[in-house]
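A.B. asks: sequence unavailable; structure follows:
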């Protein structure tokens, strides 16, 4: 009787302890991984609203390829381990960032304003001769993961290796773009599947597809980096940042209220009016879940002026001001350490809370401007025809930076550094020796302003052309224009993309200002637990992208094969149809003539009998005259013999019957 409890206890230990150890392992691994979700809202001067979603996942970097992950997406971890990726950034963008209205001197525009289509760059930790193979494998994996045409970047004609002006420049860097790639929900859905709660809970539940894809601009970005190396020089973890930047117009507008003939009040908005949804609590797997409302420096200045005009001191954090009113009081207020600061209102989302619907109601019309980059960059084509042309990059000083540059221009030798990266396809044959530079509408010697230049000419059907320039202009410069000539090449018929008559795209040029940093400056204790605040305070260079150029090339008539096939088939049909008709008519004519000859051999008596029978039937002799074949068969000798036999039998029967 005592053996049974001992056996049961041993069986219990054998089944219970593995479960306990497994739960302990899961708990330790779960504690190492972190996930946070945040949303930044900002009103824009042109009556639009900026919504910037930021999700961050962290995981330890292990050598085990089959390691189980609880929060960090396993597919991304396997990419890092298999292809030895040190850093990577992938973006899908629809629309173009409006640098004039939405600004270009803040962290959002410098880090998340991407060119239309797909942009991908990656840095590999492999020997130099294995970088291209790793890049090709990575593009195929990302293409299948995000349901896109990223695998088109595997060709050497679609990617390059910048060395000077690109920010993460390295010998193991590869960079490629697909300007014509269309962005749709098929790309957003795999991106959301990388989140622990997907779009079912938390901040990501606001991502209503119709609201996002009817916006003026939306860009989904995925950035992968390794944590800071330790004392041994090894990386200990992976950091994955997923961002979605959307610029849209609120559905509820107060256009009926006018304050003057020139200005109108800004449209009031709320989360439900923008996205059609509310936040129903945080994601339970998130370490932090916050919503931020940013009031940029230009708007703060205008609100201060309103308070001064109204002789109202107000509160320093602008919770109650004359410009707008918030429906929910913020949990915290972050203020920049600047003379003219920007302000962030922080709202913490609890696990179990009522529906969170932040709304902003404007009370007075306020006009302000966003901060611009030191120079506004644009690019355009010159020339006409399908043979030659020119590319021009225009740099113009902005009004908000003229005061800053003017103050520094007092110092002798003040220089403004501008980095330019331009990549052109191989069928655009750029003549780099034709580079011309115009400063303040005057032609200058290129070597006086170009301090460093790296040019990699294109090879036909092998590699694109790359031009990297490090320019230094005087601080009081008003405008500058770079001018390059090119010839248009010819492609094989198999190399033309679909809808080739639309034209061929030249990717956006990258303009960066390394001496200007777009980071905000908050107190040191502000960003202790907030990844988005840490990103806003990073001192990255100001970066902007130019327009995509559409170059018309000589294209063949792709409908010609169809026309040739159609005409050929028509000619053959007419030829063989006529031939068969003629052959068939000839045979019928010969048969008719033979039958006429046979009819003439029958004699006069059958013809007389045929006419007599036709009259007895009431038909004319012409229409009812049998053909030669029928008449010959009617009065054939066999038929006459049969008639005579029948008549003889009838006479005999009549004779014997009497």
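C.D. replies: Perfect, I can see it now. Only a predicted model underlies this, so the values are computations on that prediction, with no experimental measurement involved.

A.B. asks: count the residues that sit near residue 140.
C.D. replies: 14 (other CB atoms under 10 Å). Every C-beta, even on glycine, is put in place using the N, C-alpha and C of the backbone.

A.B. asks: now do the SS call for it.
C.D. replies: Secondary structure state of residue 140, per DSSP: H, G, I helix; E, B strand; the rest coil, is helix.

A.B. asks: excluding its backbone neighbours, what's nearest it?
C.D. replies: Leaving aside its chain neighbours, residue 140 sits nearest to residue 151 (5.0 Å; criterion: CB to CB, 6 or more residues apart in numbering).

A.B. asks: ok, that neighbour - contacts?
C.D. replies: Each residue near residue 151 by CB atoms under 8 Å, 6 or more residues apart in numbering is listed here: 139-140, 143.

A.B. asks: that one belongs to a strand?
C.D. replies: No: remark: residue 151 does not belong to a strand; assigned using three-state DSSP, it is helix.

A.B. asks: tell me the pLDDT of it.
C.D. replies: Residue 151 carries a pLDDT value of 94.

A.B. asks: same question, the one 10 residues further on
C.D. replies: The pLDDT attached to residue 161 in the predicted structure is 92.

A.B. asks: ok, it - contacts?
C.D. replies: 171, 173-175, 466.

A.B. asks: go again with 10 Å.
C.D. replies: Residues near residue 161 by CB atoms under 10 Å, 6 or more residues apart in numbering: 131-132, 135, 169-175, 456, 463, 466.

A.B. asks: tell me where the model's unsure across the stretch 551-658 of the chain.
C.D. replies: 586-588, 598-609, 615-636, 639, 657-658 (pLDDT under 70).

A.B. asks: quick one: the helices in it, in order.
C.D. replies: Under the criterion DSSP state H, counting those that start in this stretch, helices of the stretch 551-658 of the chain are mapped to 560-602, 604-617, 628-634, 637-657.

A.B. asks: the longest one - contacts with which helices or strands?
C.D. replies: Okay, so that is helix 560-602. helix 604-617, helix 628-634 (3 or more CB pairs under 10 Å, 6 or more residues apart in numbering; DSSP states H and E).

A.B. asks: run the chain-centre distance for it.
C.D. replies: Here helix 560-602 is found 59 Å from its chain centre; the criterion is CA atoms, centre = their mean, to the nearest Å.

A.B. asks: burial measure for residue 552, as a count.
C.D. replies: Burial of residue 552 is recorded as 16 neighbouring residues (other CB under 10 Å).

A.B. asks: cool, and the one 10 residues further on?
C.D. replies: Around residue 562 there are 10 other residues, counting by other CB under 10 Å.

A.B. asks: against residue 301, how distant is it?
C.D. replies: 64 Å (CB to CB, to the nearest Å).

A.B. asks: now do residue 553
C.D. replies: From residue 553 to residue 301 the distance is 49 Å (CB to CB).

A.B. asks: what about the two, which has more around it?
C.D. replies: Taking neighbours as other CB under 10 Å, residue 553 and residue 301 compare with residue 553 leading, 16 against 13.

A.B. asks: how about the helices in the stretch 351-500 of the chain?
C.D. replies: Under DSSP H, counting those that start in this stretch, the stretch 351-500 of the chain gives helices at 399-408.

A.B. asks: packing partners for the helix or strand where residue 302 lies?
C.D. replies: Following DSSP states H and E, one finds residue 302 within helix 297-309. Counting contacts by 3+ CB pairs under 10 Å, 6+ apart, helix 297-309 packs against strand 343-348.

A.B. asks: could you give the average pLDDT over the strand it packs on?
C.D. replies: 93.

A.B. asks: for stretch 102-122, same thing?
C.D. replies: 93.

A.B. asks: what comes up buried for that stretch?
C.D. replies: Buried residues in stretch 102-122, defined by neighbour count with 16 or more other CB atoms under 10 Å: 102-122.

A.B. asks: what about those residues, which are in helices?
C.D. replies: Judged by DSSP state H, those include 102, 107-112 as members of helices.

A.B. asks: just give me the closest of those residues to residue 198.
C.D. replies: residue 112 (21.5 Å; CB to CB).

A.B. asks: check contacts around that closest one.
C.D. replies: Residue 112 neighbours (CB under 10 Å, 6+ apart): 50, 52, 54, 91, 93, 97, 106, 219-221, 223, 243-245, 535.

A.B. asks: now, those that are in strands?
C.D. replies: Judged by DSSP state E, strands contain the following of those: 50, 52, 54, 91, 93, 219-221, 223, 243-245.

A.B. asks: taking those residues together, which two end up most distant?
C.D. replies: Maximum pairwise distance among these (CB to CB): 18.8 Å, between 50 and 223.

A.B. asks: tell me where the stretch 101-250 of the chain has strands.
C.D. replies: Remark: strands assigned in the stretch 101-250 of the chain by DSSP state E, counting those that start in this stretch are 117-124, 159-160, 173-178, 217-226, 237-248.

A.B. asks: in TSV: these, plus distance to residue 395.
C.D. replies: Listed next are the strands of the stretch 101-250 of the chain as TSV, based on distance: least, CB to CB, whole Å:
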stretch	distance to residue 395
strand 117-124	22
strand 159-160	23
strand 173-178	21
strand 217-226	23
strand 237-248	24
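
A.B. asks: which of the ones you listed sits closest to residue 369?
C.D. replies: Counting by CB to CB, residue 369 lies closest to strand 237-248 out of the strands of the stretch 101-250 of the chain; the figure is 16.2 Å.

A.B. asks: and which of the contacts of residue 151 is nearest to residue 164?
C.D. replies: residue 139 (23.9 Å).

A.B. asks: what's the closest one in contact with, if anything?
C.D. replies: Taking CB under 10 Å, 6+ apart, we find residue 139 in contact with 90, 120, 122, 148-155, 158-159, 174, 176.

A.B. asks: for residue 127, see how far away it is.
C.D. replies: Distance, residue 139 to residue 127, by CB to CB: 19 Å.

A.B. asks: buried set for stretch 189-206?
C.D. replies: In stretch 189-206, counting by 16+ other CB under 10 Å, buried: 191-192, 194-197, 199, 201-206.

A.B. asks: try stretch 375-388
C.D. replies: 375-379, 381.

A.B. asks: columns distance to residue 548 on top of these, output as CSV?
C.D. replies: Output for the buried residues of stretch 375-388, formatted as CSV (distance: CB to CB, whole Å):
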residue, distance to residue 548
375, 19
376, 17
377, 13
378, 12
379, 9
381, 11
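
A.B. asks: narrow the residues you listed to those in strands?
C.D. replies: Counting by DSSP E, the buried residues of stretch 375-388 place 375-379, 381 in strands.

A.B. asks: please pull out the lowest mean pLDDT helix or strand from this protein.
C.D. replies: Counting by mean pLDDT, DSSP states H and E, the chain has its least confident helix or strand at helix 3-32, which shows a mean of 44.

A.B. asks: need the next SSE after that one, C-terminal direction.
C.D. replies: The element immediately downstream of helix 3-32 (helix or strand, assigned by DSSP H and E) is strand 34-43.

A.B. asks: what's the average pLDDT for that next one?
C.D. replies: Averaged across strand 34-43, pLDDT comes to 95.

A.B. asks: show me what it is packed against.
C.D. replies: Counting by 3+ CB pairs under 10 Å, 6+ apart, strand 34-43 packs on strand 49-60, helix 107-112, strand 237-248, helix 271-275, strand 288-295, strand 343-348, strand 359-362, helix 531-536.

A.B. asks: so what are the sheet partners of that strand and their directions?
C.D. replies: If you go by DSSP bridges, strand 34-43 pairs up with strand 49-60 (antiparallel), strand 288-295 (parallel).

A.B. asks: residue 522 against residue 332, yeah?
C.D. replies: No: here residue 522 lies out of contact with residue 332, judged by CB atoms under 10 Å, at a distance of 11.2 Å.

A.B. asks: any common contacting residues for the two?
C.D. replies: With contacts defined as CB under 10 Å, 6+ apart, the residues shared by residue 522 and residue 332 are 344, 530.

A.B. asks: which one's more surrounded, these two?
C.D. replies: It is residue 522, of residue 522 and residue 332, that has more neighbours when counted by other CB under 10 Å, with 21 against 14.
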